[in-house]
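J.: A predicted structure for the sequence below; I have some questions about it.
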Amino acid sequence: MQASAGFRRLLGGLLNAALPPHCLTCEAPVLDQGTQCADCFRKLTFAAAPLCARCGIPLPHAGIGTCEACDRRPPLFDRARAALVYDDGARALLLPMKHGDRTELALPLARHMARAGTDLLREADLLLPVPLHWRRLLARRYNQSALLARHLARLSGKPCIPDALRRARHTRPLGELGAVARRAELEGAIRLAPRHAAQVAGRRVLLVDDVLTSGATAEACALALRGAGAAQVNVLAAARVPLL
């Protein structure tokens, strides 16, 4: 183990010497590959307490417990957490990964997620990424949530099943829709592949996503997993849209 760690440090040093590292989100020099400069790092807003105990949305002050939305209608998943608040700092990492083929950004994002979701990862029996419809996957060539899930699996030592969930039909973009319209659009759109049903039954599942907005997609996934007998469904996202 020590020899392996020493070899990785040596390899990292050689890589840094051959390819001087630059910030992930600008051209500023940094000490190590895969990191951000101090200015860019300071632009990140970490999703820290106080948070809704259920959906993980940032709350205005401590002592509230759960947000008004969860009080009115508890989500179908058990708990959700995110590493970052979805603002300009988070977008500088997430948008290039999602739309610009910057797949190397998945690992640093997964590291932030692993810190934010320590408890969820400890409880999880397996990790499942939120799926893309095959048309969108064909256009993008990769599922950003699956990239994050694979890195989280390596960081946590938990198994990941990247193709367990699938989009049974193509849905329109959800960006302009409200929470109710999102849930209606996703009704019946996500299903569990039958060959993976036995692996989900009775297990504690951690869903992995890039951005959590209204939670409608996570709920559609949770509904499919509950139907297969999952004992628990939690959600871990790279970023959370602050709806309050």
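T.: Thanks, I have the structure now.

J.: okay, CA-based contacts and neighbour counts for the rest of this
T.: Fine.

J.: quick one: the strands in the protein?
T.: Ranges of strands within the chain are 79-85, 126-129, 165-167, 190-192, 204-212, 232-240, based on DSSP state E.

J.: what about these, which gets the closest to Ala69?
T.: strand 79-85 (13.7 Å; C-alpha to C-alpha).

J.: on that earlier part again, want to throw the strands of the chain into CSV with distance to Leu24?
T.: Formatted as CSV, the strands of the chain follow (distance: least, C-alpha to C-alpha, whole Å):
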stretch, distance to Leu24
strand 79-85, 16
strand 126-129, 24
strand 165-167, 31
strand 190-192, 33
strand 204-212, 17
strand 232-240, 16
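
J.: Would you reformat the ones you listed as TSV and include mean neighbour count?
T.: Shown next, in TSV, are those (neighbours: other C-alpha atoms under 10 Å):
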stretch	mean neighbour count
strand 79-85	25
strand 126-129	25
strand 165-167	20
strand 190-192	23
strand 204-212	26
strand 232-240	27
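
J.: Make a markdown table from those strands and add mean pLDDT and distance to Ala179 to it.
T.: Listed next are the strands of the chain as a markdown table, based on pLDDT from 0 to 100; distance: least, C-alpha to C-alpha, whole Å:
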| stretch | mean pLDDT | distance to Ala179 |
| --- | --- | --- |
| strand 79-85 | 98 | 16 |
| strand 126-129 | 98 | 21 |
| strand 165-167 | 94 | 19 |
| strand 190-192 | 95 | 17 |
| strand 204-212 | 97 | 12 |
| strand 232-240 | 98 | 15 |
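
J.: And those: which comes nearest Gln144?
T.: strand 204-212 (6.9 Å).

J.: could you say what helices and strands that closest one packs with?
T.: helix 118-123, strand 126-129, helix 144-156, strand 232-240 (3 or more C-alpha pairs under 8 Å, 6 or more residues apart in numbering; DSSP states H and E).

J.: and stretch 98-108, which residues are buried?
T.: Across stretch 98-108, burial judged by 16 or more other C-alpha atoms under 10 Å covers Lys98, Thr103, Leu105, Ala106, Leu107, Pro108.

J.: quick one: which of these sit in helices?
T.: Lys98, Ala106, Leu107, Pro108 (DSSP state H).

J.: any idea how far Pro21 is from the last one?
T.: For Pro108, the distance to Pro21 under the criterion C-alpha to C-alpha, to the nearest Å works out to 14 Å.

J.: coming back round to it: closest one to Leu59 among the helices and strands packed on strand 204-212?
T.: Using C-alpha to C-alpha, the helices and strands packed on strand 204-212 put strand 232-240 closest to Leu59, at 12.2 Å.

J.: Just the angle for that closest one relative to strand 79-85, thanks.
T.: Using axes from the mean of the first three to the mean of the last three C-alpha atoms, to 10 degrees, the direction of strand 232-240 lies 10 degrees away from that of strand 79-85.

J.: same for strand 232-240, what does it pack against?
T.: strand 79-85, helix 106-116, strand 204-212, helix 216-227.
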